[in-house]
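# my questions concern the predicted model and sequence given below.
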Amino acid sequence: MQVVFDRPKALCDVPLHYCPGCTHGIIHRITAEVIDELGIEGDTVGICPVGCAVTAYDYFGCDMIEAPHGRAPAVATGVKRANPDLTVFTYQGDGDLAAIGTCETVHAAARGENITVIFVNNTIYGMTGGQMAPTTIPGQVTQTTPYGRKPEMNGFPVRMCEMLATLDGTALAQRVAVDSVPHIKEAKAAIKKAFENQINKRGFSIVEILSTCPTNWGMTPSEAMERLRSEMIPYYPLGVYRDTDVWNGQ
Amino acid sequence: MGKVKQMITINSERCKGCGLCTEVCPKKIVRIGQQRNSKGYYSAECVDNSKCISCTMCGVICPDCAIRVERSN
Amino acid sequence: MSKVLMKGNEALAEAAMRAGCKCFFGYPITPQTEISAYLAKHMAKRGGVFLQAESEIAAINMTLGAAASGVRAMTSSSSPGISLKSEGISYIAASDLPCVIVNVERGGPGLGGIQPAQSDYNQAVKAPGHGDFHMLVFAPSSVQETVDMTYLAFDMADKYRMPAMILSDGLMGQMMEPVEFPDREVNPVEKPWACSGHKNKREHNIINSLYLKPDILEDSVRSRYKRYEQVENELPDAESYLCEDADIVVTGFGAAARIAETAVNNAREKGIRAGLFRPKTLYPFPKKELNEAVGNAKAILDVEMNMGQMIDDIKLYTECRLPVYFYGRTGGNIPSAEEILHEIEVCSMKGEKAECR
């Protein structure tokens, strides 16, 4: 028998701590598959966020650094500038990347910092128990918007890919989802492109991945996937928002 | 010549019983079983590997890397 | 090498490069300005990295990243910017990463002013960030010492795997003095813990400060404090000047101590037996050296460019055996030698009759 599908080598053989049906595990796996396919594990450094994926350092087989909340792009910048030959990626959630770390994210992109950002958007703060995130959709009930997010009170969500696509330093800004097998394959292709961009020194690459949080959404994993399709994708349309070689044009 | 040419193996200790694999299987041969694993989850199981077409969809959607897919050459 | 005339800030920057600093991340603020400007001009030419970050917070975290990857890294700022860096400093200490942080102090609190001050002593020594940890703190009192301490800070940060601070101030940073850069080989320290790619030759390295189990977190903090014990045994350094027979020992660090030295000389000319004790390391504090310096004194006069911060340590480490008087200027004002001399004269009249206050 030939194994046609199994755990990628770059994902450590340990149980993941995520809740049942949480799509972090899928995103970890496809990221690790890309690292394997590019053969770069030994020359890759990953930067963890603060949030549910904080212990991603136990899961990825490459060298891993845990950053303060939101600062992963700055930490990645430090690693990359000191070691331009390494492949450096950050793995961040929506609270980490789009609220407390907005400044670090925007300026890493504006500099055309040659790093790869994996941005997991599940419209909620998962680790702290389900508070409103910068990406929480109007009307969405969270612990801190118990009557639903009201833009007149809580403001509007941030669409990061659309925003970052306006910056000259962004090589790739693409939004994907992991609600179905075809979408997961698209997501993996986008992540691969984001890593290849870095290897080819094309500039800052971000892949925003629409993800679920069954626990804090109060849904079954299956219902959560349905919500991703019916509520999130209409508000956060999938697609490539920018695709260019920052330094050589294209 | 063996009966099973294509098959999946579910690591029941890694499975958290989320059920996503049961929905994507085109042959409907994966279901949530009756046995709890040591963490208390009812893990998924394959009821008939002889019908498996090794499409890998269950493995691709699995958030816990609990499924391995094999096929004979 | 012969001496050259340089500003304190520029000398510090030159010393950092000579000490093997490969990466500098900064953000504009007065009065540390010349450090960034000098490194922007020279760093890239000498194979290093200069990057102006989008904030102090980003700069300290870039420093964290570079340090985690195993290179010598530095950031510099002035007082309000150091407050912003405190988050990163805590993470750096908790991750056992070596790096150098420069604080060219200015008046505070808040936006304060841009003139020299020493009002960040407590921040540097007592609470550079949240949690149980220390940072090495060096307090230069001349441009030459700024240079020497910059070399030392990089070496000691690597040796003990701790962040190290050069606690300078606007006066130290802006003044010019002849300075000599020691010709010295930079000996790279082995950093097997660094995250620079495992090359498929070892297990993956993890740089982290999260420990969700209390016992494990406690163990990690306790083992760090074991290292601090070693630091406290090996590293304290101080200068004692004319203290052997002194009735009044003036204590002070950095710029304040420099001015106090003139006042001590003037007091001696007037027949007052005054001396000067100057800690060069603020953490670890030279406790033993302090007690030796005040062994024959009747009183201590602590002089600082703040409202009285190091004075608490002077009282603590002398166990309030002697009266400790204080003279300070703050807000960017610098005490004159005449003002300090006047205070020495007043103290010598009060002598040991006074209570420790």
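Good, I have the coordinates. Residues are numbered from 1 along each chain as shown, chains lettered A, B, ... in the order given.
# so is the longest strand along chain B next to chain A?
Longest strand of chain B, by residue count under DSSP state E: strand B:30-36. No. Strand B:30-36 stays clear of chain A (C-beta under 8 Å from any C-beta of the partner chain), getting no nearer than 10.9 Å. C-betas here are computed from N, CA, C, even on glycine.
# tell me what that strand is packed against?
Strand B:30-36 sits against helix B:20-24, strand B:42-46, with contacts defined as 3 or more C-beta pairs under 8 Å, 6 or more residues apart in numbering or on different chains; DSSP states H and E.
# ok, now with 10 Å
Counting contacts by 3 or more C-beta pairs under 10 Å, 6 or more residues apart in numbering or on different chains; DSSP states H and E, strand B:30-36 packs against strand B:6-10, helix B:20-24, strand B:42-46.
# for it, C-alpha coordinates in CSV please.
Listed next in CSV are the C-alpha coordinates belonging to strand B:30-36 (Å, rounded to 0.1, in the frame of the first residue of the first chain):
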residue,chain,number,x,y,z
VAL,B,30,-17.2,7.5,7.4
ARG,B,31,-19.4,8.0,10.5
ILE,B,32,-19.1,8.9,14.1
GLY,B,33,-18.7,5.7,16.1
GLN,B,34,-20.0,4.5,19.4
GLN,B,35,-16.6,4.2,21.2
ARG,B,36,-15.2,7.0,23.2
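# still on that earlier bit, pipe the helices and strands packed on strand B:30-36 into TSV and attach mean neighbour count, mean pLDDT and distance to residue C:145 per row.
As requested, the helices and strands packed on strand B:30-36 are arranged in TSV below (neighbours: other C-beta atoms under 10 Å in any protein chain shown; pLDDT from 0 to 100; distance: least, C-beta to C-beta, whole Å):
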stretch	mean neighbour count	mean pLDDT	distance to residue C:145
strand B:6-10	19	97	67
helix B:20-24	21	98	65
strand B:42-46	21	97	67
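# how distant is stretch C:225-238 from the center of its chain?
Offset of stretch C:225-238 from its chain centre (C-alpha atoms, centre = their mean, to the nearest Å): 15 Å.
# list the buried residues of that stretch.
C:228, C:231-232, C:235-236, C:238 (16 or more other C-beta atoms under 10 Å in any protein chain shown).
# between the residues you listed, which sits nearest residue B:49?
Using C-beta to C-beta, residue C:228 comes nearest to residue B:49 of the buried residues of stretch C:225-238, at 59.8 Å.
# show me what contacts that closest one?
Residues in contact with residue C:228, defined by C-beta atoms under 10 Å, 6 or more residues apart in numbering or on different chains, are C:132-134, C:136, C:160, C:162, C:283-284.
# 7 Å instead?
The contact partners of residue C:228, by C-beta atoms under 7 Å, 6 or more residues apart in numbering or on different chains, come to residue C:134.
# pretty sure it is in a strand, no?
No. Under the criterion used here (DSSP: H, G, I helix; E, B strand; the rest coil), residue C:228 is helix, not part of a strand.
# what about residue A:155, how many neighbours?
Around residue A:155 there are 13 other residues, counting by other C-beta atoms under 10 Å in any protein chain shown.
# same question, residue C:212
8.
# wait, what's in contact with residue C:344?
If you count contacts by C-beta under 7 Å, 6+ apart, residue C:344 has them with C:248, C:250, C:263, C:267, C:272, C:274, C:301.
# those residues into TSV, with extra columns for neighbour count, secondary structure and distance to chain B?
Converted to TSV, these look like this (neighbours: other C-beta atoms under 10 Å in any protein chain shown; DSSP: H, G, I helix; E, B strand; the rest coil; distance: C-beta to the nearest C-beta, whole Å):
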residue	neighbour count	secondary structure	distance to chain B
C:248	27	strand	71
C:250	32	strand	67
C:263	27	helix	71
C:267	28	helix	75
C:272	18	coil	77
C:274	29	strand	73
C:301	28	strand	67
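# for chain C, what lies in contact range of chain A?
Listed as neighbours of chain A in chain C under the rule C-beta under 7 Å from any C-beta of the partner chain: C:22-23, C:25, C:49, C:51, C:53-55, C:57-58, C:61-66, C:68-69, C:71, C:87-88, C:91, C:195-200, C:204-210.
# pull out the buried members of those residues.
Judged by 16+ other C-beta under 10 Å, buried ones among these: C:22-23, C:25, C:49, C:51, C:53-55, C:57-58, C:61-66, C:68-69, C:71, C:87-88, C:91, C:195-198, C:204-209.
# from the residues you listed, which land in helices?
Among these, the ones falling in helices (DSSP state H) are C:57-58, C:61-66, C:68, C:87-88, C:91.
# looking at the residues you listed, which is nearest residue C:7?
residue C:63 (23.0 Å).
# mind giving me the packing neighbours of the longest helix along chain A?
In terms of residue count, the longest helix belonging to chain A (DSSP H) is helix A:181-199. Counting contacts by 3 or more C-beta pairs under 7 Å, 6 or more residues apart in numbering or on different chains; DSSP states H and E, helix A:181-199 packs against helix A:24-38, strand A:87-93, strand A:116-121, strand A:170-177, strand A:204-210, helix B:57-61.
# in it, what counts as buried?
Under 16+ other C-beta under 10 Å, the buried positions of helix A:181-199 are A:181, A:183-184, A:186-188, A:190-198.
# quick one: which of the helices and strands packed on strand B:30-36 is nearest chain A?
The minimum distance between chain A and these falls on helix B:20-24, with 5.5 Å, by C-beta to the nearest C-beta.
# and that closest one, does that touch chain A?
Yes. Applying C-beta under 7 Å from any C-beta, one finds helix B:20-24 in contact with chain A at B:20, B:23-24.
# any idea how far apart the tips of stretch C:199-215 sit?
33 Å (C-alpha to C-alpha, to the nearest Å).
# how about the strands in the stretch 101-250 of chain C?
Assignment of strands within the stretch 101-250 of chain C using DSSP state E, counting those that start in this stretch yields the ranges C:136-138, C:163-169, C:176-179, C:206-207, C:238-241, C:248-251.
# now those strands as TSV including mean pLDDT?
Listed next are the strands of the stretch 101-250 of chain C as TSV, based on pLDDT from 0 to 100:
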stretch	mean pLDDT
strand C:136-138	98
strand C:163-169	98
strand C:176-179	98
strand C:206-207	98
strand C:238-241	98
strand C:248-251	98
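# low-confidence ranges, the chain, go.
Picked chain A for this. A:250 (pLDDT under 70).
# chain C is the one I meant
C:1, C:351-357.
# I appreciate the help and will end here.
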